[in-house]
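Q: here is a sequence together with a model predicted from it:
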Amino acid sequence: MNLTENEFACYLLLHASYADLKIHNKELNLLVNKFGQNIVKRIQSFYKDQTDFQKKLFIKKMAAQYLNGKAEKENLALELIKMYYSDDEFHILEKNQILNFRSIL
C-alpha cells in the first residue's frame, strides 16, 4: 500500500499510540482530530493486518520516501512526543519505541 505523506504521518502516530500495547481514547481522539475519521479507520485497518516485522519494514520504506531532511525528522519527533504524552503517561515501552524509531529513521 502506498500512502500519502499525511497518511504516513497518521500511520506513524498510530504506531506510536500502540507502543504501550493499547490505544487510549485520548490518543485515538488526537488522531481523528488531526487526520479525520476516514483516514484513521483506513490506516488502522491496514496497520492491524501487518506483523511487527512488516510494520518496521513499511516504516523504513515510507520514511525513505518522506523523511529526507532534518526538519522533517524533527517535526515528526515533536508529533511523536505529543502522542506519547496524550494519555498523560509516558511508559517504558514508549521510551523504547523512541529508540527503535531512531534506528529505523
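A: Structure's in. What do you need?

Q: which stretches of this structure aren't confidently modelled?
A: 77, 84-105 (pLDDT under 70).

Q: quick one: the helices in it?
A: In the chain, the helices defined using DSSP state H lie at 5-17, 25-35, 37-48, 52-66, 70-85, 92-104.

Q: tell me, how many residues neighbour residue 72?
A: Residue 72 has 14 neighbouring residues, counting by other C-beta atoms under 10 Å. C-beta here means a position set from N, CA and C on the backbone, and glycine is covered the same way.

Q: quick one: contacts for the most centrally placed residue in the chain?
A: Geometric centre of the chain, nearest residue: residue 12, 1.8 Å, by C-alpha atoms, centre = their mean. By C-beta atoms under 8 Å, 6 or more residues apart in numbering, residue 12 lies in contact with 59, 76, 79-80.

Q: dump the residues you listed to TSV, plus distance to residue 48 and neighbour count.
A: Shown next, in TSV, are the contacts of residue 12 (distance: C-beta to C-beta, whole Å; neighbours: other C-beta atoms under 10 Å):
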residue	distance to residue 48	neighbour count
59	15	19
76	22	20
79	21	16
80	20	20
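
Q: quickly name whichever of those is closest to residue 24.
A: residue 80 (15.2 Å; C-beta to C-beta).

Q: nearest to residue 8, of the contacts of residue 12?
A: Distances from residue 8 to the contacts of residue 12, taken by C-beta to C-beta, are shortest for residue 59, at 8.5 Å.

Q: thinking again about what came up before, okay, the helices of the chain, which one's buried deepest?
A: With neighbours defined as mean count of other C-beta atoms under 10 Å, these peak in mean count at helix 5-17, which reaches a mean of 21.
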